[in-house]
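> from the sequence below, what's the structure:
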Amino acid sequence: MTIAIDTRHSHPERRDPERRGAEPSVDTLAVRGGEPARHGYAAVATPIVCTATYAFADSAEIADHFEGRVEREEYGRYGNPTVRAAEQKISALEGSDDTVLFPSGMSAITTLLLALLKPGDHVVMTSDCYRRTRQFLRTTLHKFGVEHTFVAPDDYPAIEEAVRRPRTRLLLTEAPTNPLLRVVDVQRLSDICARQRGVKLLVDSTLASPFNLRPLEHGAHLVLESCTKYLGGHNDLLAGSVSGDRDLMGALRESRGVFGAMPDPHAAYLLIRGMKTLAVRVRQHNESALRIARFLESHPEIERVYYPGLESHPDHEVARRLCSGFGGMVSFLVRGGLSTTSRFIDRCKLPIIAPSMGGVETLMEQPALMSFYELTPEQRQAIGIAENLVRLSVGLEDADDLIGDFAQALDRI
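Numbers count the residues shown, from 1 in each chain. A predicted model of the protein is given here:
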């Protein structure tokens, strides 16, 4: 028996008072969603099933399995009970029919695109999606005859105009984007896909997590998570997931078995353990990040702050309408150039200088020197990556301690 999923009232803040207690909130789903009342061996925690293959009792059981009368595992490249438990919990959190788990977020998106697209197909993608996803479209998929168009995330008429019927199969976007934290109106994009029949809407919702945004509720067909980030939450695992309707996920699971993109059961176990605290962690990320964003916006040494929770953010109203929180990432511009910004980062004592986001530790990076180091300053500027841009992933340290640390570093530059 599994916990029932309430796709209409996913957050306690949005639930009607008379319904409180009738259906589980995201807090309850994070702990119990998708899990049976009793695991094997009467374990409370999901067991790690570490095996490459699975035994059959007799030939009749083989026939029952392949003819669909019995649901069970056959071989490790096709499935694993610990991995399946993680998938079921993600489905509960996303409000989806099914989920397919992968060894990383990039494994998830590349397998999905290879499974979904064929030569001659076309993809519309908002221009500030993850750089490696853009790279995969420009290089690998382009070699196989899949075309693409990049469009600004807030230019909805241009997005609709970019659709080439009937060749456009997919509209791909992020909410929020990385690192400038644009929040697209998922409902408007869903309406575009509905008018341009046959186009699927895929939302990479890694930076929001299902605590802050559930894109499927707003009309998306597919939602991608880099589970390495907020779902795992402890900077100790790699994983990615795609969630959607049962037919799409069934086809994707078949492709995963062909490509061999099966996650390790140990990583799946860590992911399950991380998701148990998703609600309490992201709630704290939201609160601390908003306080830090407001402090930075008021500081004379900060030129600009990108955070959807600030009224100055261009997508603030969209974020207020769609999201239950504004997330744990804050990006900002330090007054001065590349070296001044580097001095600020070096003089901070609490943040760890590292890529990635979504963990309990606060991480900080200067994208011009790390994520986009291979580009020239002119190339970086063309895609919105300024030399003085800082990307901050706010962790679970005390917000006052972090603010004090930023203040002393800014005073010293």
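> okay, CA-based contacts and neighbour counts for the rest of this
Fine.
> low-confidence stretches in the stretch 101-250 of the chain?
Counting by pLDDT under 70, the stretch 101-250 of the chain contains no low-confidence residues.
> can you list the residue ranges for helices in it?
Ranges of helices in the stretch 101-250 of the chain, per DSSP state H, counting those that start in this stretch, are 105-116, 131-136, 142-143, 156-162, 186-195, 209-212, 246-259.
> out of those helices, which comes closest to Glu297?
Evaluated over the helices of the stretch 101-250 of the chain, closeness to Glu297 peaks at helix 209-212, with 22.7 Å, by CA to CA.
> among the helices of the stretch 101-250 of the chain, which is nearest Thr28?
When the helices of the stretch 101-250 of the chain are compared by CA to CA, helix 209-212 sits nearest Thr28, at 11.4 Å.
> so what does the closest one touch, helix or strand wise?
Judged by 3 or more CA pairs under 8 Å, 6 or more residues apart in numbering; DSSP states H and E, helix 209-212 is in contact with helix 81-94, helix 278-298.
> among those helices, show me which one is buried the most.
Counting by mean count of other CA atoms under 10 Å, helix 81-94 has the highest mean neighbour count of the helices and strands packed on helix 209-212, with a mean of 24.
> with just CA atoms, put that helix into CSV.
What follows is helix 81-94, C-alpha atoms only, in CSV (Å, rounded to 0.1, in the frame of the first residue of the first chain):
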residue,chain,number,x,y,z
PRO,A,81,14.2,-2.6,-6.3
THR,A,82,16.0,0.2,-4.6
VAL,A,83,16.0,2.2,-7.8
ARG,A,84,12.3,1.6,-8.2
ALA,A,85,11.6,2.7,-4.7
ALA,A,86,13.4,6.0,-5.5
GLU,A,87,11.4,6.4,-8.7
GLN,A,88,8.1,5.9,-6.9
LYS,A,89,9.0,8.5,-4.3
ILE,A,90,9.9,11.0,-7.0
SER,A,91,6.6,10.3,-8.7
ALA,A,92,4.8,11.0,-5.5
LEU,A,93,6.5,14.3,-5.1
GLU,A,94,6.1,15.4,-8.8
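> chain center to that helix: distance?
For helix 81-94, the separation from the chain centroid amounts to 15 Å (computed by CA atoms, centre = their mean, to the nearest Å).
> what does that helix rub up against?
Helix 81-94 is contacted from outside by 5, 26, 29-30, 32-35, 46-49, 73, 97-101, 210-211, 214-216, 241, 243, 263-265, 268-269, 271-272, using CA atoms under 8 Å, 6 or more residues apart in numbering.
> what about the residue most central in space within the chain, distance to Ile159?
Closest residue to the average C-alpha location of the chain: Thr206 at 1.5 Å, with CA atoms, centre = their mean. Taking CA to CA, to the nearest Å as the measure, Thr206 falls 22 Å from Ile159.
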